[in-house]
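Novice: everything below, folded, please.
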Amino acid sequence: MAERNYLSTATTPARAEGLATERSAEEIRQDIAAKRESITETVDRLGERVQETFDWRTYIGDYPWVAVGVAVGAGLLLSSFFKPRPTPRERMMDALAESIEDITDRLRHTIHELPQQKGGVGRTVKAAATGVITKAAVDYLKERLNGALEERERSDALPPEERMRTSASIH
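Specialist: Numbers count the residues shown, from 1 in each chain. Below is the predicted model:
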């Protein structure tokens, strides 16, 4: 590029020849080598700075509490992915428990709204009867649901051919 500038500014061939002879080929090679060395050093320094900038160990050393916070946040995020989900059986049992709780609450409200008797024996008998009936209903429903679920699990565990034979013999 330097020669092009010399050539473009030269008006006569003699002047262009004088400018071209001012720098020898060896000087140009040395100049190129020096510039190459300078560029190499600059690139090496830039690479080291980039590596230092993106080195996670440096950040952890400089900001340990931030690193702890990031680790806790990542742990919480990952743990939400691996949270156990309730099985269909557990969901049914929860729904059953909520239904029974609702029924029991309604019965309590109904019993409390009945005319109050002065005798404590009647109230005690009603409370005992309600408790016994509720307990019997819960036990009955649990047995029915557990039996149905176990039967379904057994039939799901059978090979398809056995399942077909079992369902054909039942119907």
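Novice: all contacts plus neighbour counts: C-alpha atoms, from now on.
Specialist: Fine.
Novice: distance of Ala148 from Ser79?
Specialist: The gap separating Ala148 from Ser79 is 34 Å, by CA to CA, to the nearest Å.
Novice: and the longest helix along the chain, how far from the chain's centre?
Specialist: Ranked by residue count and defined by DSSP state H, the top helix of the chain is helix 120-157. Distance of helix 120-157 from its chain centroid, counting by CA atoms, centre = their mean, to the nearest Å, is 40 Å.
Novice: in it, which residues are buried?
Specialist: Using 16 or more other CA atoms under 10 Å as the test for burial, helix 120-157 gives 130, 134, 138, 145, 155.
Novice: helices along this protein, start to end?
Specialist: Under DSSP H, the chain gives helices at 2-9, 13-22, 25-53, 56-62, 64-81, 88-113, 120-157, 160-170.
Novice: mean pLDDT for those helices: which is lowest?
Specialist: Mean pLDDT is lowest for helix 2-9 among those, at a mean of 49.
Novice: domain-wise, how is the chain divided?
Specialist: If you go by automatic domain parsing, the domain ranges for the chain are 2-81, 88-170.
Novice: run the chain-centre distance for the first one.
Specialist: So that's domain 2-81. Distance of domain 2-81 from the chain centroid (CA atoms, centre = their mean) equals 40 Å.
Novice: and the longest helix of the chain, what does it pack against?
Specialist: helix 88-113 (3 or more CA pairs under 8 Å, 6 or more residues apart in numbering; DSSP states H and E).
Novice: next, the angle from the helix it packs on to helix 120-157.
Specialist: 160 degrees (axes from the mean of the first three to the mean of the last three CA atoms, to 10 degrees).
Novice: in helix 88-113, what's buried?
Specialist: 93, 96, 100.
Novice: count of residues packed around Tyr59?
Specialist: Counted with other CA atoms under 10 Å, the neighbours of Tyr59 add up to 14.
Novice: ok, so of the buried residues of helix 88-113, who is nearest Ile28?
Specialist: Ile28 lies nearest to Met93 out of the buried residues of helix 88-113, by CA to CA, at 89.2 Å.
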